[in-house]
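Student: Can you look at this prediction? I've put the sequence above it.
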Amino acid sequence: MLLFFVGTFRRELIAKFKRLNTFTAEDYDTLMNVLKVFGKIATTPNILTEVSNLSGELQDQTRFAYYESFTRNLILLNERYIRSAEAAQTPIFRAVGLTDAGVGLLAQEGLLVLTEDLTLYRHMLTSGIDALNFNHLRLWATP
């Protein structure tokens, strides 16, 4: 999600932002191509909070403009609330934490999970939940 927001704001920041050091501008292009296939992007307040907090590491002037872009792009998302007490009761909570446990609950509603997090990806698959590993998409998108 951080790749989505930073790349949508200013694609060239991807290479400069330390929280995205494993991603490239081409990864952003791959992400956008995948997202075009789906009508809406589902997320949770926990995910957006993490993205906002990680984004706080941008420089002051850049951060101000970025947060304006962040605000505009929020309307593109289908934000779904997952109760923390419910997420914490899931079997995967201890392995993946609160945010990703919420993702697991959301995925049980039939939503496809797209993640780069190998631990979350494995838990989704072993739970019988459909998931895409972004690293696999990178291989597919590489010419």
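Tutor: Arrived safely.
Student: show me where this structure has strands.
Tutor: 41-43, 77-79, 113-115, 131-133 (DSSP state E).
Student: most neighbours per residue, which of those?
Tutor: Comparing these by mean neighbour count (mean count of other C-beta atoms under 10 Å), strand 113-115 ranks first with a mean of 19. (C-beta placed from N, C-alpha, C; glycine too.)
Student: Setting aside sequence neighbours, what's the nearest residue to residue 43?
Tutor: residue 77 (5.0 Å; C-beta to C-beta, 6 or more residues apart in numbering).
Student: any chance of the strands of the chain in CSV, with distance to residue 121 and mean pLDDT too?
Tutor: What follows is the strands of the chain, written out as CSV (distance: least, C-beta to C-beta, whole Å; pLDDT from 0 to 100):
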stretch, distance to residue 121, mean pLDDT
strand 41-43, 17, 95
strand 77-79, 21, 95
strand 113-115, 5, 95
strand 131-133, 5, 94
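Student: want to throw these into JSON lines with distance to residue 23?
Tutor: What follows is those, written out as JSON lines (distance: least, C-beta to C-beta, whole Å):
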{"stretch": "strand 41-43", "distance to residue 23": "17"}
{"stretch": "strand 77-79", "distance to residue 23": "19"}
{"stretch": "strand 113-115", "distance to residue 23": "13"}
{"stretch": "strand 131-133", "distance to residue 23": "14"}
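Student: To residue 31, which of those lies closest?
Tutor: strand 113-115 (8.1 Å; C-beta to C-beta).
Student: What strands line up against the closest one, and which way round?
Tutor: Strand 113-115 pairs in its sheet with strand 131-133 (parallel), by DSSP bridges.
Student: roughly how far out does the strand it pairs with sit from the chain middle?
Tutor: 12 Å (C-alpha atoms, centre = their mean, to the nearest Å).
Student: Perfect, that will be all.
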